[in-house]
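Undergrad: This is a predicted model, with the sequence first.
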Amino acid sequence: MKEFISKLAEGKVRVIDLTHTLSAEFPHISLPPEMGQAWPFRIEEVSRYDERGPAWYWNNFSCGEHTGTHFDAPVHWVSGKDLPNGSVDTIPAQNFIGPAFVLDCSNEAQKDADFLLTKKFIQSWEKKHSKITPHSWVLMRTDWYKRAGDPAAFQNYDETGQHTPGPDIDAVKFLVEEREVLGFGTETIGTDAGQAQHLRPPYPCHYYMHGAGRYGLQCLANLDQLPPTGAVVIAAPLKIQNGSGSPLRVLALVEGK
Amino acid sequence: MQRPKRKNPVLRTRLPTLPPAARSRIALGLTAAAAMGRFELQQCRDCGTVQYPPREVCQKCLSIKIAWKGQPDGGELLARTVLHHSNDLFFRERLPWRLGLIKLDCGPTVVAHLHDSVEKRVRVKAMLDRAGQAVLAALPEKEVNVAEDRQLREFTCDPQFRKVLITDGKTALGQQLVHAMVKAKADLIWVGHSEPWKKFSGFSELKNIPQVTLLPLDLTDSKNVREVAAEIGAKVDIVVNNAEHHRAFGIGNRAGVETARAEMDINYFGLLRLAQELGPVMRARGADGQSSAVAWVNVLSIYALANFPPHGTFSASKAAAHSLAQCLRAEMRPAGVRVVNVFPGPIDDEWNQLLPPPKVTPATLATSIVKALQEGIEDVYPGDVAQEWLARWRDNPKALERELSA
Amino acid sequence: MRQGYQGVAIAVPVTVPYVRYSIRSAHWWLARALSLLLQKSTLPKESIDGLSVSSFTLAPDSAIGLTQHLGLSPRWLDHVPFGGASGVVALRRAARAVQAGDAAVVACLAGDTNHVDSFRLTLANFSQFARDAVYPYGAGGPNASFAFLTAYYMDKYGATREDFGKLCVAQRANALKFDFSLFKKPLTIEEYMAARPIAEPLHLFDCVMPCAGADAFLVLSEEKAKALNIPYARLLGTIERHNAFASDPVQMRAGWALDREELYAQAGAAPQDMDFVQTYDDYPVISLMQMEDLGFCAKGEGPAFVRKNAFTHEGSFPLNTSGGQLSVGQAGAAGGYLGMVEAIRQLTGQAERRQVKSAKLGLVSGFGMINYDRGLGSGAAILATAKA
């Protein structure tokens, strides 16, 4: 720790912000219209040095738990509903920090928006870099975050729904069962692929990850600035009672300037 | 009609003035009818005498059983005058001004604003003037577009040569409104759309219409509404707020408040946000030349009058919007900007899928909105269902409440 | 047969000189009129035991408030807010009060102030019908209403602008011999015809000019007038009618047509016996209507009557011999008194340069309150010299 502190003081630890700015324009999860909907991020001025409050400026904001760069807790999914410590207020704080393994799928995702990360892809990545250690964040880099300025491209809908990359069933099971990861992170709106409702089971990452008490990180930014290994990621959600998730400020610590 | 010249930016923008607005309470019966485009005069239930100006009793038999009833609108022009002098600011700025004295076939002699092509036989129409009060206008017997008459145009909100904002272009109604506004010769049409990633049929085609400019507009986002108002507010002459959130739920068949809140957020707060941002600048432009800011249209619902329990939370949000629209109307009136409230019955769209016909088609609804603007109507009840509900509601609101819960 | 007006004297015609605009209130003008009445009659203020008041701009006061304002303690009080019919109506009532002994001396006052905005405010709140069904239509005021009547009359009876102009020109000639008239320049028919339109077919000289002013006279017993040595006129007959011919689609006649036979019978006179006529002339068409309705010519023959007569005080039909409202100005309700005070002057030999030669009988007509589409009140009085 002492060494860490001195490195921090000397500027030898780079802090990378993996978070998108919360704004009304930022794309939000859309379910079929007859279903319940998460509130998008909205902000209303309370006062701004005016008759409503002469010397101060502040806002009220509202949003769903799963807004912007955000955290998915195990209770978010039906498969994790009965797990102990499954909501954001009960998850041990230890679990909000861990080493990050960054799997670069940017080429694949660019070629195929429906790209599915496979177990095979992970294994070959491990061969090239290192084995994923337990209690780590596995982050799927797709460079999708670069589309955030164009909400339509980011959401990438057509009449068959959303087309965004994500993991396949075996990959998720592999990470959960054989690598005991803390959780899985993506740059897209879900940890699952856009078309993952057609997989069996649907939304496997949600299903297995949360079913095993693991977490999801979504709408991450700047994953292209992380080394494949060696970064430490801190992703601590707001301590919402029985919360299923929370907007995040995600920080990555990387050695070097 | 001649296209008005571009505004001379060196000259001070003319401030809105209103024609004399004071009326006795009894005279507001004419306003109530004119607001819906009807021509009604007082008629004695006992002796049948039709009378005007409005009185507290029948001038013939002194009965107090007098009712406002639709009357034949034919009449004969007895005399006409052209005013070159007026004691009122509004008219002073609009001289010369034609007036006629008309003997109505149904009895009374009336003073009326005169269309410029009337001959001996006329049709008399009750219209709302810029103060929002009813006045009579004498038109030729043949069909005419009153909005093309120099004088009577002052009482209409004709889209021709005007710039229109339609708040939601993604719905069928929004798209039909665009087409109707093009047909009515609107100069420029801004079409709002939210959630740009959602694709709806017909929407992308709007881009090909030369008058159309697409504009990201989400009434739930205060900042966005403020920015849109800043960008286009000073140009908007007519707002058609058709953005709405509609789900078919009552209280018991939908847990939680998320849906109801989403309805309120667009249907009620959306109107409030838009009115707060666009209202002031429109008020300032209420007399800005021939193509001034003139109208604000709210697409409400007939369910605003009485709750339709199968669409209970939607009804409530529309009732809230209706109430707010009355506030908006009061605040816009000093500028002569008319707030037109539209109370359609079920629109033939996905949210009314299970309701039996008749349903008002988006095209019909759009046409009736444009017609209301052209004819100076402020309360519009388009479609058979709306008309029937209105009749039942006016007859006995409590009975309608019971009928709706049956 | 109605009781006559024997024993009633009408005296002391006074005019508080008119001005276009005044910063004073109506009270000031009415007070000045009362003061002139006392001055000219030499009566002490206490002797005024009857008061009749007509004014549009006295609000929020009415006649009763004015008693305190003026320090009067009358035992008979009347408020006659009938505009152009006020003079005749006030006279009728005051005459009966004097005859009955309810009052000995009635001061009849009419006056109004005219601030720059008074006229507009008066119009906007003139009547419920005007507010509901006339003023919102261009706010032309009486100009618009009388434009309709004029247009209809011209269309129906073939009157021309020249016919109306002839009356206006003659009245202007009379006005030049009346010190209190606000118009001091002669008017030619060419100028009349060339005037700017106000409410077609009405042009500038067809319309009266609103101003401030007051007129007044006294009604008392002949006995008392004689004792005071005050010149006076007598009242031979009067009529009054309101809302006559209500079902006529447009007003081409008023109550005179209904009641004129009674008027002449009561007076024991005929139209041709009149030495002069003072019509209510807020617009010339109304003068034509009165000539017809009061029997000087048949209905619709007004234009021909105008063409064959001359209307100055020296003419074949002396009309509005002080110039009428068209050339003196319309001081609100005093407009309904203008003809009355002029008739008294003519019959008491006080008409100076415009005196109608050996005038013995004169007719004063009043017409008031265009409530909606027509004037509602009409009245007329036949006055005679004291000696006749």
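TA: Good, I have the coordinates.
Undergrad: neighbours of the residue in the stretch 1-150 of chain B that chain A sits nearest to, just the number please.
TA: Residue nearest to chain A within the stretch 1-150 of chain B: residue B:15 (25.7 Å; Cβ to the nearest Cβ). Every residue, glycine included, has its C-beta placed from N, CA and C. Here the count is done by other Cβ atoms under 10 Å in any protein chain shown, and residue B:15 has 13 residues near it.
Undergrad: One more: residue C:220?
TA: Look at residue C:220: counted by other Cβ under 10 Å, it has 30 neighbours.
Undergrad: Excluding residues flanking it in the chain, which one is nearest it?
TA: residue C:105 (4.6 Å; Cβ to Cβ, 6 or more residues apart in numbering or on different chains).
Undergrad: my read: that neighbour touches residue C:52, true?
TA: No - Residue C:105 is beyond contact range of residue C:52, at 11.5 Å (criterion: Cβ atoms under 8 Å).
Undergrad: How about the secondary structure of the residue of the stretch 1-150 of chain B closest to chain A?
TA: coil (DSSP: H, G, I helix; E, B strand; the rest coil).
Undergrad: and the helix or strand encompassing residue B:331, what does it pack onto?
TA: Element membership for residue B:331 (DSSP states H and E) is helix B:312-332. The contact analysis (3 or more Cβ pairs under 8 Å, 6 or more residues apart in numbering or on different chains; DSSP states H and E) places helix B:312-332 against helix B:258-263, helix B:269-284, strand B:295-299, strand B:338-342.
Undergrad: Now stretch B:225-244: buried residues?
TA: Residues B:225-226, B:228-229, B:232-233, B:235-244 are the ones in stretch B:225-244 that count as buried (16 or more other Cβ atoms under 10 Å in any protein chain shown).
Undergrad: now swap in stretch B:74-92 and tell me
TA: Buried residues in stretch B:74-92 (16+ other Cβ under 10 Å): B:75, B:77-88, B:90-91.
Undergrad: Please list the members of these that lie in strands.
TA: Within those, residues falling in strands by DSSP state E are B:75, B:77, B:78, B:79, B:80, B:81, B:82, B:83.
Undergrad: mind giving me CSV with the residues you listed and columns for distance to chain C and pLDDT?
TA: Shown next, in CSV, are those (distance: Cβ to the nearest Cβ, whole Å; pLDDT from 0 to 100):
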residue, distance to chain C, pLDDT
B:75, 10, 97
B:77, 10, 98
B:78, 5, 97
B:79, 4, 97
B:80, 6, 96
B:81, 4, 97
B:82, 4, 97
B:83, 5, 97
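Undergrad: Closest one to residue C:201 out of the buried residues of stretch B:74-92, please.
TA: Within those, distances to residue C:201 taken as Cβ to Cβ reach their minimum at residue B:81, with 7.4 Å.
Undergrad: In contact with the residue nearest to the closest one when sequence neighbours are not counted, which residues?
TA: The spatial neighbour of residue B:81 that comes closest, neighbours along the chain excluded (Cβ to Cβ, 6+ apart), is residue C:147 at 3.5 Å. Taking Cβ atoms under 8 Å, 6 or more residues apart in numbering or on different chains, we find residue C:147 in contact with B:79, B:81, B:83, B:99, C:140, C:198, C:199, C:200, C:201, C:202.
Undergrad: Pull the number of nearby residues for residue 15.
TA: No chain specified, so I'll use chain A. For residue A:15, using other Cβ under 10 Å, the count is 10.
Undergrad: try chain C instead
TA: The local packing of residue C:15 (other Cβ under 10 Å) involves 26 other residues.
Undergrad: Please identify the helix or strand for it.
TA: strand C:8-19.
Undergrad: Tell me which stretches of the stretch 151-257 of chain A form helices.
TA: Using DSSP state H, counting those that start in this stretch, the helices of the stretch 151-257 of chain A run over A:151-155, A:169-173, A:204, A:211.
Undergrad: swap that for chain C, sorry
TA: C:26-41, C:63-70, C:86-100, C:118-124, C:128-133, C:142-157, C:161-175, C:189-194, C:222-228, C:255-267, C:284-293, C:302-308, C:324-328, C:335-347 (DSSP state H).
Undergrad: got the ones you listed as JSON lines, with mean pLDDT columns?
TA: Below are those laid out as JSON lines (pLDDT from 0 to 100):
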{"stretch": "helix C:26-41", "mean pLDDT": "97"}
{"stretch": "helix C:63-70", "mean pLDDT": "96"}
{"stretch": "helix C:86-100", "mean pLDDT": "98"}
{"stretch": "helix C:118-124", "mean pLDDT": "80"}
{"stretch": "helix C:128-133", "mean pLDDT": "94"}
{"stretch": "helix C:142-157", "mean pLDDT": "96"}
{"stretch": "helix C:161-175", "mean pLDDT": "97"}
{"stretch": "helix C:189-194", "mean pLDDT": "98"}
{"stretch": "helix C:222-228", "mean pLDDT": "95"}
{"stretch": "helix C:255-267", "mean pLDDT": "97"}
{"stretch": "helix C:284-293", "mean pLDDT": "97"}
{"stretch": "helix C:302-308", "mean pLDDT": "98"}
{"stretch": "helix C:324-328", "mean pLDDT": "96"}
{"stretch": "helix C:335-347", "mean pLDDT": "97"}
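Undergrad: could I get the ones you listed as a markdown table with distance to residue A:46?
TA: Below are those laid out as a markdown table (distance: least, Cβ to Cβ, whole Å):
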| stretch | distance to residue A:46 |
| --- | --- |
| helix C:26-41 | 56 |
| helix C:63-70 | 56 |
| helix C:86-100 | 65 |
| helix C:118-124 | 46 |
| helix C:128-133 | 47 |
| helix C:142-157 | 55 |
| helix C:161-175 | 71 |
| helix C:189-194 | 69 |
| helix C:222-228 | 84 |
| helix C:255-267 | 71 |
| helix C:284-293 | 68 |
| helix C:302-308 | 77 |
| helix C:324-328 | 66 |
| helix C:335-347 | 64 |
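Undergrad: Any idea which of the helices and strands packed on helix B:312-332 gets closest to residue B:159?
TA: So among the helices and strands packed on helix B:312-332, strand B:295-299 is nearest, using Cβ to Cβ, at 8.6 Å.
Undergrad: How about residues contacting the closest one?
TA: Under Cβ under 8 Å, 6+ apart, the answer for strand B:295-299 is B:157, B:173, B:237-242, B:244, B:271, B:275, B:282, B:321-322, B:325, B:328, B:332, B:337-342, B:344, B:365, B:369, B:372-373.
Undergrad: One more pass at 7 Å, please.
TA: With Cβ atoms under 7 Å, 6 or more residues apart in numbering or on different chains as the test, strand B:295-299 has contacts from B:157, B:238-242, B:244, B:271, B:321, B:325, B:328, B:332, B:337-342, B:369, B:373.
Undergrad: before we move on, what about stretch A:238-252?
TA: Under Cβ under 7 Å, 6+ apart, the answer for stretch A:238-252 is A:15-19, A:22, A:63, A:65-73, A:75-76, A:87-89, A:100, A:217, A:220, A:226, A:231-235, A:237.
Undergrad: which of the residues in it are buried?
TA: A:243, A:244, A:245, A:246, A:247, A:248, A:250, A:251, A:252.
Undergrad: The fourth one pairs with what?
TA: When bridges are assigned using DSSP bridges, the partners listed for residue A:246 are residue A:71.
Undergrad: Tell me how far it lies from residue A:189.
TA: Distance, residue A:246 to residue A:189, using Cβ to Cβ, to the nearest Å: 15 Å.
Undergrad: coming back round to it: so the residue nearest to residue C:220 versus residue C:3, what's the distance?
TA: Counting by Cβ to Cβ, the gap from residue C:105 to residue C:3 is 21 Å.
Undergrad: Just want to know which of those two has more residues nearby.
TA: residue C:105 (26 against 8).
Undergrad: gap between that one and chain B?
TA: Separation of residue C:105 from chain B (Cβ to the nearest Cβ, to the nearest Å): 40 Å.
Undergrad: List the residues that contact that residue.
TA: Contacts of residue C:105 by Cβ under 7 Å, 6+ apart are C:43, C:47, C:48, C:49, C:50, C:218, C:220.
Undergrad: Now with 8 Å, please.
TA: Shown in contact with residue C:105 (Cβ under 8 Å, 6+ apart): C:43, C:47, C:48, C:49, C:50, C:98, C:218, C:219, C:220, C:224.
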